[in-house]
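A.B. asks: A structural model of the following input is requested.
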Amino acid sequence: MTGMGYECVITKGCKIVRDNKSGEVQILNIMGGAYYAKLTSEQLEVFKLFGWKIGVNVLNLYNFRLKLDIIEQKIKDEMTGRGSQKQLSLLKAKREEILKKYSQINYKLNNIKAYGNYKNNNYSEEGDY
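C.D. replies: Below you'll find the predicted structure:
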(Lines give C-alpha, C1' and ligand atoms only; values in the text may rest on other atoms or scores of the structure.)
Protein backbone atom coordinates (compact mmCIF):
# COMPACT_ATOMS: atom_id res chain seq x y z
CA MET A 1 0.00 0.00 0.00
CA THR A 2 1.15 3.49 -0.64
CA GLY A 3 0.02 6.69 0.99
CA MET A 4 1.06 10.26 1.13
CA GLY A 5 4.78 10.02 1.76
CA TYR A 6 4.99 6.39 2.82
CA GLU A 7 4.80 2.79 1.64
CA CYS A 8 3.66 -0.13 3.77
CA VAL A 9 2.91 -3.83 3.72
CA ILE A 10 0.54 -5.53 6.15
CA THR A 11 0.43 -9.28 6.63
CA LYS A 12 -0.55 -11.64 9.44
CA GLY A 13 -0.70 -8.98 12.13
CA CYS A 14 2.51 -7.23 11.15
CA LYS A 15 2.98 -3.90 9.38
CA ILE A 16 6.20 -2.57 7.89
CA VAL A 17 6.25 1.10 6.96
CA ARG A 18 8.88 3.10 5.07
CA ASP A 19 8.84 6.88 5.09
CA ASN A 20 9.67 8.06 1.56
CA LYS A 21 11.40 11.27 2.67
CA SER A 22 13.63 10.02 5.46
CA GLY A 23 13.86 6.38 4.40
CA GLU A 24 13.08 5.35 8.00
CA VAL A 25 11.58 1.89 8.34
CA GLN A 26 9.31 0.83 11.19
CA ILE A 27 7.88 -2.61 11.91
CA LEU A 28 4.68 -2.61 13.96
CA ASN A 29 2.58 -5.28 15.65
CA ILE A 30 -1.04 -4.62 14.71
CA MET A 31 -2.56 -7.51 16.68
CA GLY A 32 -2.24 -5.81 20.06
CA GLY A 33 -5.64 -4.13 20.03
CA ALA A 34 -6.86 -0.82 18.70
CA TYR A 35 -3.38 0.59 18.20
CA TYR A 36 -0.12 -0.36 16.50
CA ALA A 37 2.66 -1.30 18.89
CA LYS A 38 6.36 -0.99 18.19
CA LEU A 39 8.29 -4.22 18.43
CA THR A 40 10.58 -5.05 21.32
CA SER A 41 14.31 -5.16 20.71
CA GLU A 42 14.22 -9.00 20.78
CA GLN A 43 11.47 -9.07 18.16
CA LEU A 44 13.36 -6.61 15.95
CA GLU A 45 16.49 -8.75 16.30
CA VAL A 46 14.63 -11.73 14.82
CA PHE A 47 13.55 -9.62 11.84
CA LYS A 48 17.12 -8.39 11.34
CA LEU A 49 18.65 -11.86 11.55
CA PHE A 50 16.10 -13.90 9.63
CA GLY A 51 14.09 -11.51 7.52
CA TRP A 52 10.46 -10.70 6.99
CA LYS A 53 8.87 -14.17 6.66
CA ILE A 54 10.41 -15.71 9.78
CA GLY A 55 9.97 -12.46 11.72
CA VAL A 56 6.26 -12.35 10.92
CA ASN A 57 5.84 -15.98 12.01
CA VAL A 58 7.71 -15.39 15.29
CA LEU A 59 5.55 -12.32 15.93
CA ASN A 60 2.46 -14.45 15.28
CA LEU A 61 3.63 -16.97 17.89
CA TYR A 62 4.00 -14.13 20.37
CA ASN A 63 0.49 -12.83 19.57
CA PHE A 64 -1.03 -16.31 19.82
CA ARG A 65 0.61 -16.79 23.21
CA LEU A 66 -0.93 -13.52 24.43
CA LYS A 67 -4.34 -14.60 23.16
CA LEU A 68 -3.99 -17.99 24.84
CA ASP A 69 -3.14 -16.31 28.16
CA ILE A 70 -6.26 -14.15 27.91
CA ILE A 71 -8.46 -17.13 27.04
CA GLU A 72 -7.03 -19.18 29.92
CA GLN A 73 -7.83 -16.36 32.33
CA LYS A 74 -11.37 -16.10 30.96
CA ILE A 75 -11.84 -19.87 31.39
CA LYS A 76 -10.67 -19.64 35.01
CA ASP A 77 -12.97 -16.68 35.66
CA GLU A 78 -15.90 -18.49 34.08
CA MET A 79 -15.31 -21.63 36.13
CA THR A 80 -15.11 -19.68 39.41
CA GLY A 81 -17.96 -17.35 38.44
CA ARG A 82 -21.26 -18.31 36.90
CA GLY A 83 -19.90 -21.42 35.13
CA SER A 84 -21.92 -21.16 31.92
CA GLN A 85 -21.33 -24.35 29.94
CA LYS A 86 -22.03 -22.55 26.66
CA GLN A 87 -19.43 -19.87 27.39
CA LEU A 88 -16.90 -22.47 28.57
CA SER A 89 -17.31 -24.53 25.42
CA LEU A 90 -16.91 -21.43 23.23
CA LEU A 91 -13.73 -20.44 25.05
CA LYS A 92 -12.33 -23.97 24.83
CA ALA A 93 -13.09 -24.13 21.10
CA LYS A 94 -11.35 -20.79 20.58
CA ARG A 95 -8.37 -22.05 22.58
CA GLU A 96 -8.16 -25.19 20.43
CA GLU A 97 -8.30 -23.11 17.24
CA ILE A 98 -5.45 -20.87 18.39
CA LEU A 99 -3.40 -23.85 19.62
CA LYS A 100 -3.76 -25.48 16.20
CA LYS A 101 -2.51 -22.33 14.42
CA TYR A 102 0.28 -21.93 16.98
CA SER A 103 1.41 -25.53 16.46
CA GLN A 104 1.44 -25.16 12.67
CA ILE A 105 3.62 -22.06 12.77
CA ASN A 106 5.89 -23.49 15.46
CA TYR A 107 6.36 -26.68 13.43
CA LYS A 108 7.20 -24.66 10.33
CA LEU A 109 9.75 -22.54 12.22
CA ASN A 110 11.36 -25.53 13.95
CA ASN A 111 12.01 -27.09 10.53
CA ILE A 112 14.12 -24.10 9.53
CA LYS A 113 17.54 -25.13 10.77
CA ALA A 114 19.05 -21.65 11.26
CA TYR A 115 16.07 -20.41 13.26
CA GLY A 116 15.92 -23.58 15.37
CA ASN A 117 19.58 -23.18 16.34
CA TYR A 118 19.04 -19.50 17.19
CA LYS A 119 15.97 -20.24 19.27
CA ASN A 120 17.66 -23.02 21.23
CA ASN A 121 20.76 -20.95 21.96
CA ASN A 122 19.13 -17.63 22.84
CA TYR A 123 15.77 -18.26 24.46
CA SER A 124 14.60 -20.52 27.22
CA GLU A 125 11.15 -22.06 27.19
CA GLU A 126 10.00 -19.39 29.64
CA GLY A 127 11.47 -16.52 27.58
CA ASP A 128 9.86 -14.16 25.11
CA TYR A 129 9.90 -16.69 22.29
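A.B. asks: Can you pull out the residues in contact with stretch 72-87?
C.D. replies: 88, 91-92, 95 (C-beta atoms under 8 Å, 6 or more residues apart in numbering). C-beta here means a position set from N, CA and C on the backbone, and glycine is covered the same way.
A.B. asks: Are any of the residues you listed buried, and if so which?
C.D. replies: If you count burial by 16 or more other C-beta atoms under 10 Å, the buried members of the contacts of stretch 72-87 come out as 91, 95.
A.B. asks: Can you convert the contacts of stretch 72-87 into a markdown table and add a column each for secondary structure, distance to residue 26 and pLDDT?
C.D. replies: Shown next, in a markdown table, are the contacts of stretch 72-87 (DSSP: H, G, I helix; E, B strand; the rest coil; distance: C-beta to C-beta, whole Å; pLDDT from 0 to 100):
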| residue | secondary structure | distance to residue 26 | pLDDT |
| --- | --- | --- | --- |
| 88 | helix | 40 | 92 |
| 91 | helix | 34 | 94 |
| 92 | helix | 37 | 94 |
| 95 | helix | 32 | 96 |
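A.B. asks: Farthest-apart pair in the contacts of stretch 72-87, please.
C.D. replies: With C-beta to C-beta as the measure, no two of the contacts of stretch 72-87 lie farther apart than 88 and 95, at 10.4 Å.
A.B. asks: so how far is residue 95 from the residue of the chain most remote from its centre?
C.D. replies: Largest separation from the mean C-alpha position in the chain: residue 82, at 31.3 Å (C-alpha atoms, centre = their mean). Residue 82 sits 19 Å away from residue 95 when distances are taken as C-beta to C-beta, to the nearest Å.
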